[in-house]
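In: Build the 3D model from these lines:
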Amino acid sequence: MDLILRNARLADDAPLTDIAIAGGLIVDVSVDGGHSAPEEIDCAGRVVIPGLIESHLHLDKALLDREKPNRDGTLAGAIAVTGELKRDFTAENVRARASQVIEQAIGNGTTAIRAHPDVDPIVGLLGVDVLLGLREDYRGLVDLQIVAFPQEGIFKAPGTLELLREALQRGADVIGGCAYNENSLAECHAHIEAVFDLAEEFGVPADIHADFADDAADPRFALADYIAENTVRRRMAGRVALGHMTSLAGRPVAERRSTLARLADAGVAVVPLPATDLHLGGRSDGENVRRGVAPVRDLWEAGVTCAYSSNNVRNAFTPYGNADLLDIGLLLAQTSHLSGHADLARVLDMATHSAAKVVGISANYGIQPGCAANLVVLSTRCVADVLLDRPDRCFVIKNGRVVATTVRTTRLKEPSHA
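Out: Take a look at the predicted model:
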């Protein structure tokens, strides 16, 4: 054995467990397997979870808020501000900003990231190329999937389709889409078809920004059914994810249930992005301001695979964040009427096991023999309180090796008795 985690809390209703690791894999999970190793960590009853997964993160656009904020706080404003800033991107500044967030994410217990660098005539393939380099630089610390993402649209920005194909030829792992960012509904449909065509051509999954509005009054923000139809027709069940999907919450109940049933039947996953969605949503509402988050409980009840993610960190789309998925999970719970042990366990699952399904790594993910040894030792000793306690990530383990530690000690002074 290479490493053993002793006295780990995996469940609140089960005894403490030892986790034995060799060759980057978990080889035994038992109360007392009788193993020894040159490196052992006594968890002392602290909770151990699988590595967290950022299933939707824009590393190339991170930390831009210090350069130019989004004054009107709208989605259109965020796209405009970022489009202006992209004109001055260099490989050096994209690499520096992206690296800072990657390292924050690792320290916060993230062991896999699906990143969405922009691909368009403004910035070309700069973001993709930088992230291809970072994928190698951080190999062994975090797994980085790269999505070729057409933020500016495909037909709205001529030349983008050819750039997307080139990005996939260079090594991007996923084809992205921004389904709503075209000038007409017909072009939105053509955008979706083009994304699926590229997915078929290169044999890659699709990850599409869709239905990102307060409601579906504009049909460009009610494309989930069309995407589900394409997923079925192209036989891509389990390989399509949709980010944002905020307009779902504004649709009539019967209509929403019908759409969610289609997504579930088609095997399309949904990834709410609460920090961004709350910030940009409801800007025109003078009263009863809409929350702007996809209806998580409805998604669960419909059987739709769900994850959540940070989306953006400190830029025009989201002017805050630290790439901390447990913070984002607590925000999602607080704003989605989710509470109690069962709900909070499902929210945590959205950043672990469900996120693994979304990014296609569930086959060797988890805490059982044969799984990759990607683990996080938390400072809390109660699984039900993982989100509530905002625990330290005491040890972050990637492929059986400790890659980050957090040690914090709080000492209270003796009370004074005047």
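In: C-alpha from now on. contacts and neighbour counts both.
Out: Fine.
In: Isn't Q104 up against N322?
Out: Yes - using CA atoms under 8 Å, Q104 makes contact with N322 at a distance of 6.6 Å.
In: For A167, see how far away V119 is.
Out: Here V119 is placed at a distance of 8 Å from A167 (CA to CA, to the nearest Å).
In: V270 belongs to a helix, doesn't it?
Out: No - applying DSSP: H, G, I helix; E, B strand; the rest coil, one finds V270 to be strand, outside a helix.
In: tell me which element I113 falls in.
Out: Secondary structure from DSSP states H and E places I113 in strand 110-115.
In: List the pairing partners of that strand within its sheet, with orientation.
Out: The strands beside strand 110-115 in its sheet (DSSP bridges) come out as strand 52-57 (parallel), strand 143-148 (parallel).
In: Buried deepest among the ones you listed, which one?
Out: strand 52-57 (a mean of 28; mean count of other CA atoms under 10 Å).
In: who touches it?
Out: Strand 52-57 is contacted from outside by 109-116, 243, 271, 307-312, 325, 351-352, 355-356, 358-359, 376, using CA atoms under 8 Å, 6 or more residues apart in numbering.
In: per-residue confidence averaged over the following helix or strand past it?
Out: Proceeding N to C from strand 52-57, the next assigned helix or strand is helix 75-86, under DSSP H and E. Averaged across helix 75-86, the pLDDT comes to 92.
In: Would you map the helices across the stretch 201-350 of the chain?
Out: Taking DSSP state H, counting those that start in this stretch, the helices of the stretch 201-350 of the chain run over residues 224-233, 253-266, 274-280, 296-302, 325-335, 340-350.
In: buried stuff in the longest one?
Out: Right, the one you point to is helix 253-266. R256, R257, T259, L260, A261, R262, L263, A264, A266 (16 or more other CA atoms under 10 Å).
In: chain center to the lowest-mean-pLDDT helix or strand in the chain: distance?
Out: Sorting the helices and strands of the chain by mean pLDDT, DSSP states H and E puts helix 75-86 at the bottom, at a mean of 92. The chain centre lies 22 Å from the centre of helix 75-86; the measure is CA atoms, centre = their mean, to the nearest Å.
In: Would you format the strands paired with strand 110-115 as TSV with distance to E229 included?
Out: Below are these laid out as TSV (distance: least, CA to CA, whole Å):
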stretch	distance to E229
strand 52-57	23
strand 143-148	22
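In: May I see those organised as CSV, with mean pLDDT added?
Out: As requested, the strands paired with strand 110-115 are arranged in CSV below (pLDDT from 0 to 100):
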stretch, mean pLDDT
strand 52-57, 98
strand 143-148, 98
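In: who wins for proximity to A294 among these?
Out: Among the strands paired with strand 110-115, the nearest to A294 by CA to CA is strand 52-57 (14.9 Å).
In: For the residue nearest to the spatial centre of the chain, give its distance to L242.
Out: Closest to where the C-alpha atoms of the chain average out (CA atoms, centre = their mean) is S55, at 2.6 Å. Noted for S55: a distance of 11 Å to L242, by CA to CA.
In: which residues do the two both contact?
Out: V271.
In: Which helix or which strand is home to V376?
Out: Assessed by DSSP H and E, V376 sits inside strand 375-378.
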